[in-house]
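In: sequence and predicted model, in that order:
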Amino acid sequence: MAIIIDENKQVLIQGITGREGRARTKLMKEFGTNVVAGCTPGKGGQTVLDTPVYNTVAEAVSAMQNKTGKSIDISVLFVPAKFVKGAAIEAVEAGVKFVVIVPDRVPVWDAMEIARATEKNNAKFIGPNTLGVLSPNRGVLGMIGGRASSAREWFKPGYTGIISRSGGMTSSTGYYLGRKGIGISTLVHVGGDQVLGTRIPDAAIMFQNDPQTKALVIFGEIGGSQEEQLAQLIQQNRITKPVIAYIGGAAAKEGTRFSHAGAIIEGGKGTHDGKVKALRDAGATVVTSFGDLPDAALKVLNQHNIPLASSN
């Protein structure tokens, strides 16, 4: 099944007429994502890559319901940071149940308002500052994998879910697992900001409920408590699938920001050692070097008799 994105989900692109929106829409459509509409205020009636453009999300939702009998499932945002709050709230108030917020530099207070709006409208979001989500042979949201041809080559379907706090390392993790013959159910980059919609423990629960996913590989980082919360879920038996993890930032000292806003040690919390200990105490396999992650994953999969890859 995979999580979040598959070939049946109807996807809207907010900001489709911009340079980034056009480029990423091309990637998504070439990969097989079911992009059905775009939205840019004042640009309604145009088409981008044979995709109809509407002035508002509500117009796009209504048009798709009339055309396909289904609502829009997911909206992907490619708009300037200052417009993200309005665009995201517009989407969930129009009935879209999942929003992918790609832009970075979204103000923290805006992200908090988006969180309140999604909760009020029984919706979810991922990001801000996420490269997105990819399910091999099913669809991609955002910009993971670069060109569609390379994404198809690197990421083969399988039974291992990947959750990463680093955008670049999301693709790298999938690539290096693939070189070991390990296929992927879904790759998820949760985003690098301090306030996030879908965090590591949230994505882990999604994978736990996904029949296709049999094991989880985590690329964690210093700062925050996402990895510790994952450890708690394992201890509570809410995550029962094998977890293999690497935590970046071992050499970082307190007050040092590691790559992005969400990865910073403050007040002695969010340390590398604390995260490693929490996960190991919970029963996860944690490697000390990223280069050891593929072999560790291969070993765990073999120990649990989990197939490395699938045919679809």
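Out: Looks like it came in fine.
In: parallel or antiparallel, list what pairs with the helix or strand where residue 76 lies.
Out: According to DSSP states H and E, residue 76 maps onto strand 74-77. Each strand paired with strand 74-77, and its direction, by DSSP bridges: strand 11-14 (parallel), strand 98-101 (parallel).
In: what's downstream of the last one, the next helix or strand?
Out: If I follow you right, that is strand 98-101. Toward the C-terminus from strand 98-101 - assigned by DSSP H and E - lies helix 108-120.
In: buried ones in that next one, by neighbour count?
Out: Neighbour counts over helix 108-120 (16 or more other C-beta atoms under 10 Å) mark 110, 111, 113, 114, 115, 117, 118 as buried. In this view, the C-beta of every residue, glycine as well, is placed from N, C-alpha and C.
In: out of these, which comes closest to residue 67?
Out: residue 118 (25.8 Å; C-beta to C-beta).
In: so, low pLDDT: which residues of this protein?
Out: Within the chain, the segments meeting pLDDT under 70 span 251-269.
In: spatially central residue in it, please.
Out: Residue closest to the average C-alpha location in the chain (C-alpha atoms, centre = their mean): residue 188, at 3.2 Å.
In: now for it: which residues touch it?
Out: The contact partners of residue 188, taken as C-beta atoms under 8 Å, 6 or more residues apart in numbering, are 3, 4, 126, 133, 161, 162, 163, 164, 170, 198, 203.
In: if we go to 7 Å?
Out: 133, 162, 163, 203 (C-beta atoms under 7 Å, 6 or more residues apart in numbering).
In: same check, this time on residue 150
Out: Contacts of residue 150 (C-beta under 7 Å, 6+ apart): none.
In: same thing with residue 275?
Out: Counting by C-beta under 7 Å, 6+ apart, residue 275 touches 220, 227, 228, 247.
In: which of those residues sits closest to residue 23?
Out: Of all these, residue 220 has the smallest distance to residue 23: 29.9 Å, by C-beta to C-beta.
In: related to what we said a few turns ago, so can I have a markdown table of the strands paired with strand 74-77 showing mean neighbour count?
Out: Output for those, formatted as a markdown table (neighbours: other C-beta atoms under 10 Å):
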| stretch | mean neighbour count |
| --- | --- |
| strand 11-14 | 28 |
| strand 98-101 | 28 |
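In: with distance to residue 50 as extra columns, can I get these in a markdown table?
Out: Shown next, in a markdown table, are the strands paired with strand 74-77 (distance: least, C-beta to C-beta, whole Å):
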| stretch | distance to residue 50 |
| --- | --- |
| strand 11-14 | 13 |
| strand 98-101 | 21 |
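In: among those strands, which comes closest to residue 62?
Out: strand 11-14 (12.1 Å).
In: toward the C-terminus, what is the element adjacent to that closest one?
Out: Next along from strand 11-14, by DSSP H and E: helix 19-31.
In: hang on, the earlier thing: so which of the strands paired with strand 74-77 is nearest residue 286?
Out: Closest among the strands paired with strand 74-77, once you apply C-beta to C-beta, is strand 98-101, at 28.9 Å.
In: who's in contact with that closest one?
Out: Contacts of strand 98-101 (C-beta under 7 Å, 6+ apart): 4, 73-77, 84, 88, 91-92, 123-128, 130, 132-133, 141-142.
In: show me what contacts the nearest residue to residue 40 once chain neighbours are set aside?
Out: Nearest in space to residue 40, with sequence neighbours left out and distances taken as C-beta to C-beta, 6 or more residues apart in numbering, is residue 17 at 4.3 Å. Counting by C-beta under 7 Å, 6+ apart, residue 17 makes contact with 38, 40, 43, 46, 48, 53.
In: the third one touches residue 53, doesn't it?
Out: Read it as residue 43. Yes - with contact defined as C-beta atoms under 7 Å, residue 43 reaches residue 53; the gap is 5.2 Å.
In: which one of the two has more residues nearby?
Out: Counted by other C-beta atoms under 10 Å, residue 43 and residue 53 do not tie: residue 53 has more neighbours, with 21 against 16.
In: helices or strands up against the helix or strand hosting residue 298?
Out: Assessed by DSSP H and E, residue 298 sits inside helix 293-303. Packing partners of helix 293-303 (3 or more C-beta pairs under 7 Å, 6 or more residues apart in numbering; DSSP states H and E): helix 167-179, strand 215-221, strand 243-248, strand 285-287.
In: re earlier: dump the buried residues of helix 108-120 into a markdown table; add distance to residue 174 as well.
Out: Formatted as a markdown table, those follow (distance: C-beta to C-beta, whole Å):
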| residue | distance to residue 174 |
| --- | --- |
| 110 | 30 |
| 111 | 26 |
| 113 | 33 |
| 114 | 27 |
| 115 | 28 |
| 117 | 31 |
| 118 | 27 |
